[in-house]
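Colleague: sequence-free structure coming up:
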C-alpha cells in the first residue's frame with residue numbers, strides 16, 4: 001500500500017487544536033492544492049474564504065455551536081460562486097443564467113472536489129481538519145457575516161490546525177454495501193453486511209463512552225433523516241439566484 005493510500009485511509013476528523021495559526025505560506029499551499037482539483041468544464045464555480053477576524057469567527061461559531069469554528073489554526077469557508085461569472089458577463093452584455101439545478105450541482109461538485117484536495121494536503125502536512133456543515137444552521141446570517149453577494153452561497157466550512165488530539169476513526173460501511181457492479185444491489189442482498197456493521201459501530205461507541213452510548217449507524221441516520229432540518233436553505237438559495245424563483 002503506497003503512502004497516499006495510507007494517508008487517505010488514516011483520515012479522521014479532529015476538533016482540538018493549538019493556538020498556532022497557519023502561516024501565509026501554508027495557506028497558499030493549501031489553497032493551491034484545492035485549486036488543482038478537477039473542475040467541471042473549467043468553470044471553477046467556487047471561492048474559498050479564509051476567516052481570521054475574531055468577531056466573524058465568533059459569530060460563525062454561534063451559528064455552528066461548535067467551539068472549534070472559533071478556535072483553530074485557520075477557518076476556510078467554501079462557497080458555490082457564480083458572482084464573478086455574472087459580473088464578467090455584464091461587461092460583455094452577455095446574458096447568463098445560474099438558476100437551473102445543474103448550475104448548482106456543478107458548483108457544489110467543484111467546491112467539494114477542491115475541499116477534499118485541501119483536506120488531503122493538510123493531513124499530509126501533519127495538520128488536522130474537520131468539515132463544518134453546521135454553518136448552514138443559519139445560512140442567511142452566515143452569508144451576511146461573510147459579505148457574500150448574489151450568486152454566492154456558503155456551502156460548508158473546514159477548520160485546519162495543529163491538533164492536540166489523535167482522535168479516533170469511525171468505520172465506514174462495508175465494501176459490499178457500497179460497491180455495486182453493473183446492477184444496483186437491493187437491500188436484502190446486503191442486509192447481513194449492514195447488520196454486522198451496525199454491531200461493530202455499536203461496540204465502537206460503547207467502548208469509547210464506557211457503555212454510556214451504544215447506538216447503531218442505521219438508527220443514527222434514520223433518526224437524523226426523519227427530522228426536517230435547515231428548511232431555510234432552499235429559500236436562501238433562491239434569493240441568491242439559484243434554483244429559480
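Modeller: Nice, I can see it. Please read all numbers here as calculations on a predicted model, not as lab measurements.
Colleague: other SSEs contacting the one helix or strand residue 140 maps to?
Modeller: Assigned by DSSP states H and E, residue 140 falls within helix 139-146. Based on contacts counted as 3 or more C-beta pairs under 8 Å, 6 or more residues apart in numbering; DSSP states H and E, the elements that helix 139-146 packs against are helix 54-64, strand 74-81, strand 152-161, helix 232-239. Any C-beta I mention is one placed from the backbone N, CA and C, and that applies to glycine too.
Colleague: quick check: mean pLDDT across it?
Modeller: The predicted model gives helix 139-146 an average pLDDT of 98.
Colleague: could you do stretch 227-245 as well?
Modeller: Confidence over stretch 227-245, taken as the mean pLDDT, stands at 91.
Colleague: report the buried residues of it.
Modeller: Of all the residues in stretch 227-245, those buried under the rule 16 or more other C-beta atoms under 10 Å are 236, 237, 240, 241, 242.
Colleague: leaving aside the residues next to it on the chain, what's closest to residue 99?
Modeller: For residue 99, ignoring the flanking residues on the chain, the nearest one in space by C-beta to C-beta, 6 or more residues apart in numbering is residue 244 at 4.4 Å.
Colleague: show the pLDDT at the residue at the greatest distance from the centre of the chain.
Modeller: Ranking residues of the chain by C-alpha distance from their mean position (C-alpha atoms, centre = their mean) puts residue 93 at the top, at 35.1 Å. Reported pLDDT at residue 93 in the predicted model: 94.
Colleague: now do the SS call for it.
Modeller: Here residue 93 takes the coil state, with states given by DSSP: H, G, I helix; E, B strand; the rest coil.
Colleague: buried set for the helix or strand that contains residue 106?
Modeller: Element membership for residue 106, per DSSP H and E: helix 101-124. Taking 16+ other C-beta under 10 Å as the neighbour-count basis, helix 101-124 is seen to contain the buried residues 103-104, 106-115, 117-123.
Colleague: wait, isn't residue 157 in contact with residue 131?
Modeller: Yes. Residue 157 is in contact with residue 131 according to C-beta atoms under 8 Å; the separation is 7.3 Å.
Colleague: who has more neighbours out of these two?
Modeller: When residue 157 and residue 131 are compared on other C-beta atoms under 10 Å, the one with more neighbours turns out to be residue 157, at 26 against 14.
Colleague: excluding its backbone neighbours, what's nearest that one?
Modeller: Of all residues not flanking residue 157 in the chain, residue 132 sits nearest, at 3.4 Å (C-beta to C-beta, 6+ apart).
Colleague: now do residue 18
Modeller: Closest to residue 18 by C-beta to C-beta, 6+ apart is residue 162, at 4.6 Å.
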